[in-house]
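Visitor: below are the sequence and a predicted model; questions follow.
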Amino acid sequence: MLRCPAFIKITASRTLAFGGLILLIGLLPWLSAQSPEYTVLRARYADREATDEALGAIRAELGLDQGPFHIFLGWLGGLLRGDLGTSWISNTPVGPGTMTALGVSLTLMACALVVAASVAVLLCIPAMVRGLAGKAARDSGAAAAALTSLPEFLLASMLLVIGAVWLGWFPPYGWQGIHHAVLPALALGVPAGGLAGRLLSEAISAALAEKWTTTWRTAGAGSAAIGAAVVRRALPSVLNQIALIIIGLTGGAVAVEKVFAIPGLGRTILGAASAQDIPALQAGMLALLATALIVGSLATAARYALLGPALRSGTMPMTPPVRAARRWDAVVPLTCAGALAAIMAGGLMRDPFTSSHARLAAPSLLLPFGADASGRDLLARVAHGSMSTLGTSLLVVLACLAIGLVIGMFPLAATGPVEVANAAPPILVGLIVAAIIGPSAHGAAIAVTLVGWAPLAAHTAALVQEARARPYVGILPVLGVGRVRTLWRYILPAALPSVFRHAMLRIPGTALALAALGFLGLGPQQPAPEWGLILAEGINYVERAPWAILAPALALALSSILAVSTASLGKYPLRTRRYPAPARVKAR
């Protein structure tokens, strides 16, 4: 049970965080630095010249000449009346179109959840069977790692090539029946199911190793009863993560809907951001945030429903310590890192910008990866893209580390911001940033940073709370040590090593997030050699020259597997965690 001051702090943190997010969405018309009056003038009044008088009239019509206070109150008042606003481009209400697109996206997400649940169940069956047979637990395996490692936009591109172009089994685009949902649902559901299956499989193995299962077997309980109880025990520990996976489908749906030309909410808000149609973007963001809030609330309610009796009685069973990492667990990440290094070594000395080859030239000894639609060397562009993408990822991770350490030092106050940042996929934040400052490389970096700090802050907060509970830290105030010195001299050294390792493990995943924004046109622009941008350029020529997407797809796949395998290394702590020895404290 939380103490009253702690409960008040957490509630205030959540209220301020969600209120700040609503304020940001409401102020998007005022925050936008893209001069949308030009776009509106061309869309509504193509026959009028862009004079100062015409642009001023457009600004007055849109209400942009008013201050931020009036803009926000006007938007909030309309929202409370059920009016989501009027499109700046079509001059029609955005509400009906947003609800129609939301229905399409929810249908696609439902199909993806069926796929994800099926994949997760298949991955959990071996762990359950081994545990009920009394055998030692194993990892969820290479299959789960492979399924988890493919990001949605890359898997969608691969499925489009294989299932629609090469085999011709499914339609390549559109939304006219259930057969149009097969490839998009697989693209969304397979990675989500792989990740959920890994988490649940590990939780099931941990639950089967608890002592109560031995007691049940001794009492004569059957395998079916023990299995059902194990699932009930394992689910609460991963429900919050599974909720984040489901919320993440909203971000993945933006890329998948673009690849397959599905008229869902993700594609709608992507088009609104590109066209600077701020009211449509605001409505779409609100719909996605409401979906995320509902999913998160349901997951929290389900967790407390499953754990309620044990939490109230204080009888939660202890989970045995997990095994330490084995030496051969590093083979896969080292292999992927070596392959990426070989690509970089082979392409960094080549020119990624000069169009000195035939358009879409096939791979050869001279061009190992072929050429793109502009006749540029794809090996050179992928290699230089690795430098820019991974270099930007390192800077983003370091910024996230600094932010996460600062915010995580205050665990109660960090609750609301961490929950908001976790509920916002990088793609959605990238749409907001693009609406404010336009699509660019630094805009993509800002977008990923705005959400990438949250896991590091949560990790820091957990370690800080654990360090503060240690006896030698509790005695420091009695010895006259101030709060600032306690944080800097004793608590930070206890948290920094683990959080720093966690941050370094996030570099490949951050590179994938940046590539996803580049693929959607929210990151670097032409002619920058960026992985997501190269993939987006090549997908238009997939039938004539499949190597145009296979080259960046190879680099992305290697980075994806590297991200998953290195994260797997980080989940196996040493059997004995060592904290920095308490320094001698001199009483003042």
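Guide: Happy to help now that I have it. Numbers count the residues shown, from 1 in each chain.
Visitor: let's see the pLDDT reported for Leu360.
Guide: As predicted, Leu360 sits at a pLDDT of 86.
Visitor: what's the pLDDT at the closest residue to it other than its chain neighbours?
Guide: Among residues not flanking Leu360 along the chain, Ala545 sits closest, at 4.0 Å (CB to CB, 6 or more residues apart in numbering). (Each C-beta comes from the backbone N, C-alpha and C, glycine too.) Reading off the confidence values, Ala545 has pLDDT 83.
Visitor: how about Ala325?
Guide: For Ala325, the model assigns a pLDDT of 50.
Visitor: then the one 4 residues further on?
Guide: With respect to pLDDT, Asp329 scores 64.
Visitor: same question for Leu512.
Guide: Turning to Leu512, the model gives it a pLDDT of 77.
Visitor: ok, now Arg381?
Guide: We note a pLDDT of 90 for Arg381 in this prediction.
Visitor: for His357, see how far away it is.
Guide: 12 Å (CB to CB, to the nearest Å).
Visitor: and what of Leu289?
Guide: Where His357 is concerned, Leu289 sits at a distance of 46 Å (CB to CB).
Visitor: hang on, the earlier thing: out of Arg381 and His357, which sits in the more crowded spot?
Guide: Using other CB atoms under 10 Å as the criterion, Arg381 and His357 rank with Arg381 on top: 29 against 18.
Visitor: name the element that one belongs to?
Guide: helix 378-408 (DSSP states H and E).
Visitor: by contact count, what packs against that helix?
Guide: Applying 3 or more CB pairs under 8 Å, 6 or more residues apart in numbering; DSSP states H and E, one finds that helix 378-408 makes contact with helix 331-347, helix 411-422, helix 441-468, helix 492-505, helix 507-519, helix 531-538, helix 547-570.
Visitor: run the angle between that helix and helix 411-422 for me.
Guide: 150 degrees (axes from the mean of the first three to the mean of the last three CA atoms, to 10 degrees).
Visitor: the bottom helix or strand of the chain by mean pLDDT?
Guide: Lowest on mean pLDDT, DSSP states H and E among the helices and strands of the chain sits helix 141-149, with a mean of 59.
Visitor: for whichever helix or strand comes after it, what is the distance to the chain centroid?
Guide: Elements were assigned by DSSP H and E; along the chain past helix 141-149, the next helix or strand is helix 152-159. Its chain's C-alpha centre and that of helix 152-159 lie 16 Å apart, by CA atoms, centre = their mean, to the nearest Å.
Visitor: ok, stretch 531-538 next?
Guide: 20 Å.
Visitor: what is the mean pLDDT for that stretch?
Guide: Here the average pLDDT along stretch 531-538 is 82.
Visitor: would you mind confirming that the residue nearest to Leu360 is in contact with Gly370?
Guide: Yes. Between Ala545 and Gly370 there is a contact at 6.9 Å, judged by CB atoms under 8 Å.
Visitor: what stretches of the stretch 1-150 of the chain score poorly on pLDDT?
Guide: By pLDDT under 70, the weakly predicted segments of the stretch 1-150 of the chain are 1-7, 9-10, 14, 33-35, 43, 46, 136-150.
Visitor: all strands of it, in order?
Guide: With DSSP state E, counting those that start in this stretch, there are no strands along the stretch 1-150 of the chain.
Visitor: go through stretch 11-28 and flag the buried ones.
Guide: Across stretch 11-28, burial judged by 16 or more other CB atoms under 10 Å covers Ser13, Arg14, Ala17, Phe18, Leu21, Ile25, Gly26, Leu27, Leu28.
Visitor: ok, back up a step: anything in contact with each of Ala545 and Gly370?
Guide: Leu360, Ala362 (CB atoms under 8 Å, 6 or more residues apart in numbering).
Visitor: for Ile8, see how far away Leu270 is.
Guide: Remark: distance between Leu270 and Ile8 (CB to CB) = 40 Å.
Visitor: just want to know which of those two has more residues nearby.
Guide: Remark: of Leu270 and Ile8, Leu270 carries more neighbours, 24 against 12, as counted by other CB under 10 Å.
Visitor: contact partners for the more buried one?
Guide: By CB under 8 Å, 6+ apart, the contact set of Leu270 is Val254, Glu257, Lys258, Leu431, Leu520.
Visitor: spatially, which two of the residues you listed are the most separated?
Guide: Within those, two members stand farthest from each other by CB to CB: Glu257 and Leu431, at 13.0 Å.
Visitor: okay, now the unreliable bits of the stretch 351-500 of the chain?
Guide: In the stretch 351-500 of the chain, residues with pLDDT under 70: 423, 466, 468-483, 486, 490.
Visitor: outline the domain layout of this structure.
Guide: 25-83, 94-321, 325-571 (automatic domain parsing).
Visitor: excluding chain neighbours, what is closest to the residue nearest to the spatial centre of the chain?
Guide: Nearest to the mean C-alpha position of the chain, counting by CA atoms, centre = their mean, stands Pro425 at 4.5 Å. Spatial nearest neighbour of Pro425, chain neighbours left out: Gly251 (2.6 Å); criterion: CB to CB, 6+ apart.
Visitor: now His502
Guide: The shortest distance from His502 to any non-neighbouring residue, by CB to CB, 6+ apart, is to His459 (5.5 Å).
Visitor: how near is the one you found to Leu122?
Guide: Per CB to CB, His459 is found 30 Å from Leu122.
Visitor: more crowded one of those two?
Guide: Higher neighbour count among His459 and Leu122: His459, with 19 against 14, using other CB under 10 Å.
Visitor: ok, that one - contacts?
Guide: By CB under 8 Å, 6+ apart, the contact list for His459 reads Gly404, Gly408, Ser498, Val499, His502.
Visitor: want to throw these into JSON lines with neighbour count and distance to Val331?
Guide: Shown next, in JSON lines, are those (neighbours: other CB atoms under 10 Å; distance: CB to CB, whole Å):
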{"residue": "Gly404", "neighbour count": "26", "distance to Val331": "30"}
{"residue": "Gly408", "neighbour count": "24", "distance to Val331": "33"}
{"residue": "Ser498", "neighbour count": "16", "distance to Val331": "24"}
{"residue": "Val499", "neighbour count": "22", "distance to Val331": "26"}
{"residue": "His502", "neighbour count": "19", "distance to Val331": "22"}
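Visitor: mind listing the helices for the stretch 101-250 of the chain?
Guide: Taking DSSP state H, counting those that start in this stretch, the helices of the stretch 101-250 of the chain run over residues 141-149, 152-159, 182-208, 211-218, 223-259.
Visitor: how about those in TSV, adding distance to Leu64 and mean neighbour count?
Guide: Shown next, in TSV, are these (distance: least, CB to CB, whole Å; neighbours: other CB atoms under 10 Å):
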stretch	distance to Leu64	mean neighbour count
helix 141-149	45	20
helix 152-159	34	25
helix 182-208	37	25
helix 211-218	63	13
helix 223-259	27	21
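Visitor: worst mean pLDDT among those helices?
Guide: Least confident of the helices of the stretch 101-250 of the chain, judged by mean pLDDT, is helix 141-149 with a mean of 59.
Visitor: the residue nearest to the centre of the chain touches Ile245, doesn't it?
Guide: No. The criterion here is CB under 8 Å, and Pro425 misses it with Ile245 at 10.7 Å.
Visitor: re earlier: what comes up buried for the helix holding Arg381?
Guide: Within helix 378-408, the residues that qualify as buried are 378-386, 388-390, 392-393, 396-397, 399-401, 403-405, 407-408, counting by 16+ other CB under 10 Å.
Visitor: now for the residue nearest to Leu360: which residues touch it?
Guide: Leu360, Ala362, Gly370, Ala373, Gly538.
Visitor: and those residues, which of them are in helices?
Guide: Gly538 (DSSP state H).
Visitor: show the buried residues in the contacts of Ala545.
Guide: In these, burial by neighbour count holds for Leu360, Gly370, Gly538, counting by 16+ other CB under 10 Å.
Visitor: out of the residues you listed, who's nearest Met109?
Guide: For the buried ones among the contacts of Ala545, the nearest to Met109 is Gly538 (27.5 Å; CB to CB).
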